[in-house]
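A.B. asks: got a structure for you, letters missing:
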């Protein structure tokens with residue numbers, strides 16, 4: 001690198017520091033302003049990647065304090081929009097430039113970046129605090145022609161210097177972990193919340209999470225699940241899978257006109273009779289907010305299954321959905337049948353490995369608060385190298401009744417072991433209903449419906465309980481996980497009672 005270029009970079013860094021460090025991030029989630037009467041509707045599928053990044057930044061800025069912009073999409077997005085449509089005058093657009101021109105005073109200018117490198121994430125990080133639109137270099141002249149001032153050109157900022165120079169502008173308690181290959185999804189929330197955006201950069205993930213505070217929530221995903229969750233955990237935070245999520249900047253303000261009350265504890269189940277067995281099926285990956293808002297409600301293998309409501313099924317659900325998308329959360333609860341049971345997704349408030357969190361009591365208390373706020377008394381916990389004893393603080397809360405425990409791999413490593421912590425049950429998964437391929441590419445027979453049913457046949461009479469994890473992404477050719485549960489139930493031995501996971505914990509004999 002020549003001396004002139006080094007001098008230019010240092011000068012740019014000083015200028016940017018003066019520009020962006022003058023104001024720390026204000027309250028990232030202010031109370032909603034007076035209800036708007038207009039909702040701009042835009043179909044992002046018609047846009048180029050550069051236009052998508054621009055549109056997402058405009059959406060985040062306009063939705064900072066109230067819902068004003070909505071991206072068209074299916075699943076719960078469309079169902080929520082239908083529920084609240086009467087509250088707004090809907091204006092459909094075909095271009096983000098029309099949206100910008102119609103709301104010109106909301107934008108101070110733009111930040112130039114490149115969609116091909118880290119500066120896209122840097123621009124997204126700074127867009128909220130500076131009220132700036134995110135402009136790829138290919139759209140720079142168009143933005144200037146539209147009368148928008150260029151606040152800064154970020155393309156010369158090295159990745160290694162980004163957080164050091166500008167991290168003080170980011171809101172505390174939130175991190176968006178998003179690759180630059182996704183210029184649209186999740187970025188609206190980053191801009192609205194003034195959140196820092198990063199993806200496996202030179203700064204270790206645990207360092208970023210710790211720098212943003214002990215209660216940091218990481219929305220997005222990583223290229224390797226174990227490494228990603230371990231980094232989030234080591235920093236003292238938890239993760240919310242959301243890297244394909246849309247409209248979160250708008251969802252958080254939308255309330256269902258008729259929200260259901262939080263569920264009361266169900267009446268106790270009848271005790272097991274001599275010789276009777278009890279099994280419970282729990283469908284995994286409900287902590288995945290993007291899936292809950294997307295294809296979950298439309299898929300015949302999940303919420304739209306014709307068999308839903310004909311036997312008990314427990315669904316992992318993201319406790320934070322109640323705040324991230326309250327109208328969506330209300331819709332799910334309102335459409336649940338008496339045989340649908342909700343339990344918290346791993347590992348409490350959000351996905352983390354309790355064993356790797358530096359402040360385990362602190363995150364245990366926060367998990368209990370989040371679960372209770374969502375009306376969830378039972379939660380899954382997915383840990384790596386840990387043990388049930390490490391859940392002491394979570395289970396000390398009187399609002400939490402028990403834990404469904406799984407190890408990182410395989411989930412049923414403890415083979416149904418039961419541990420009592422604070423006189424509450426921590427029950428490990430005994431069986432997996434999962435299309436797991438072996439080396440010869442055939443499926444493991446003991447994880448298929450026939451194999452699970454046969455294993456339950458072989459259980460000793462004095463050990464009549466079985467908790468079964470159903471892999472959400474398996475059995476697509478057979479009709480999805482709900483159909484796989486039905487197939488398994490048809491093969492169970494006589495005198496087997498299928499119950500919810502909540503009821504299974506209540507049936508366990510107390511020590």
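C.D. replies: On my side now, so go ahead. This one's a predicted model, so the numbers in the text were calculated from it and none came from an experiment. Numbering: from 1, shown residues only.

A.B. asks: Give me the domain ranges for this structure.
C.D. replies: Domain assignment for the chain by automatic domain parsing gives 3-20+33-161+170-251, 277-507.

A.B. asks: Those: which one's closest to residue 261?
C.D. replies: Ranking these by proximity to residue 261 (Cβ to Cβ) places domain 277-507 first, at 8.5 Å. From N, CA and C alone the C-beta is placed, and that goes for glycine too.

A.B. asks: now that closest one, how far from the centre of its chain.
C.D. replies: With Cα atoms, centre = their mean, to the nearest Å as the basis, domain 277-507 stands 16 Å off its chain's centre.

A.B. asks: before we move on, back to that, looking at the domains of the chain, which one has the lowest mean pLDDT?
C.D. replies: Mean pLDDT across the domains of the chain is lowest at domain 3-20+33-161+170-251; the value there is a mean of 91.

A.B. asks: roughly how far is that domain from the heart of the chain?
C.D. replies: Taking mean C-alpha positions (Cα atoms, centre = their mean), domain 3-20+33-161+170-251 and its chain are 17 Å apart.

A.B. asks: In a markdown table, list the domains of the chain along with mean neighbour count and distance to residue 271.
C.D. replies: Output for the domains of the chain, formatted as a markdown table (neighbours: other Cβ atoms under 10 Å; distance: least, Cβ to Cβ, whole Å):
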| stretch | mean neighbour count | distance to residue 271 |
| --- | --- | --- |
| domain 3-20+33-161+170-251 | 20 | 37 |
| domain 277-507 | 20 | 7 |
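
A.B. asks: Out of those, which is closest to residue 258?
C.D. replies: Nearest of the domains of the chain to residue 258, taken as Cβ to Cβ: domain 277-507 at 7.5 Å.

A.B. asks: end to end, how far does that closest one reach?
C.D. replies: Using Cα to Cα, to the nearest Å, the end-to-end distance of domain 277-507 comes to 11 Å.

A.B. asks: how about the domains of the chain, which one is nearest residue 269?
C.D. replies: domain 277-507 (4.4 Å).

A.B. asks: ranges for the helices of the stretch 201-350 of the chain?
C.D. replies: Ranges of helices in the stretch 201-350 of the chain, per DSSP state H, counting those that start in this stretch, are 205-211, 225-234, 248-251, 289-293, 321-324, 326-335.

A.B. asks: wait, what's in contact with the nearest residue to residue 68 once chain neighbours are set aside?
C.D. replies: The spatially closest residue to residue 68, leaving aside those adjacent along the chain, is residue 62, at 4.4 Å (Cβ to Cβ, 6 or more residues apart in numbering). Residue 62 makes contacts with 40, 68-69, 99, 103, 106, as judged by Cβ atoms under 8 Å, 6 or more residues apart in numbering.

A.B. asks: Residue 62 and residue 128: what is the separation?
C.D. replies: 12 Å (Cβ to Cβ, to the nearest Å).

A.B. asks: ditto for residue 311
C.D. replies: With Cβ to Cβ as the criterion, residue 311 and residue 128 are 46 Å apart.

A.B. asks: And for residue 441?
C.D. replies: Taking Cβ to Cβ, one finds residue 441 at 47 Å from residue 128.

A.B. asks: Check residue 433 too.
C.D. replies: Distance of residue 433 to residue 128, computed by Cβ to Cβ: 43 Å.

A.B. asks: With residue 46 instead?
C.D. replies: Look at residue 46 and residue 128: by Cβ to Cβ, they are 25 Å apart.

A.B. asks: Could you do residue 231 as well?
C.D. replies: Note on residue 231: its distance to residue 128, by Cβ to Cβ, is 24 Å.

A.B. asks: where along the stretch 401-511 of the chain do the strands fall?
C.D. replies: Taking DSSP state E, counting those that start in this stretch, the strands of the stretch 401-511 of the chain run over residues 402-407, 418-421, 424-428, 431-433, 465-470, 496-499.

A.B. asks: can you redo those strands as JSON lines with distance to residue 196?
C.D. replies: Listed next are the strands of the stretch 401-511 of the chain as JSON lines, based on distance: least, Cβ to Cβ, whole Å:
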{"stretch": "strand 402-407", "distance to residue 196": "31"}
{"stretch": "strand 418-421", "distance to residue 196": "36"}
{"stretch": "strand 424-428", "distance to residue 196": "35"}
{"stretch": "strand 431-433", "distance to residue 196": "37"}
{"stretch": "strand 465-470", "distance to residue 196": "34"}
{"stretch": "strand 496-499", "distance to residue 196": "44"}
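
A.B. asks: Minimum distance to residue 84: which of these has it?
C.D. replies: Minimum separation from residue 84 across the strands of the stretch 401-511 of the chain (Cβ to Cβ) falls at strand 465-470, 32.6 Å.

A.B. asks: That closest one: partners in the sheet, and parallel or antiparallel?
C.D. replies: Here strand 465-470 is paired, per DSSP bridges, with strand 277-283 (parallel), strand 431-433 (parallel).

A.B. asks: Export the ones you listed to CSV and append columns for distance to residue 336.
C.D. replies: Output for the strands paired with strand 465-470, formatted as CSV (distance: least, Cβ to Cβ, whole Å):
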stretch, distance to residue 336
strand 277-283, 13
strand 431-433, 21
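
A.B. asks: Looking at these, which is nearest to residue 123?
C.D. replies: If you check each of the strands paired with strand 465-470 against residue 123 by Cβ to Cβ, strand 277-283 wins as the nearest, at 38.2 Å.

A.B. asks: residues in contact with the closest one?
C.D. replies: Here strand 277-283 makes contact (Cβ under 8 Å, 6+ apart) with 272, 302, 312-316, 343, 380, 404, 429, 433, 456, 459, 464-470, 472, 481-482, 485, 488, 492-493, 495-501, 503-504, 507.

A.B. asks: swap in stretch 320-337?
C.D. replies: Contacts of stretch 320-337 (Cβ under 8 Å, 6+ apart): 76, 79-80, 83-84, 217, 240, 248, 251-252, 254-256, 258-260, 263, 289, 292-293, 297, 303, 308-309, 317-318, 342, 349-350, 370, 373-375.
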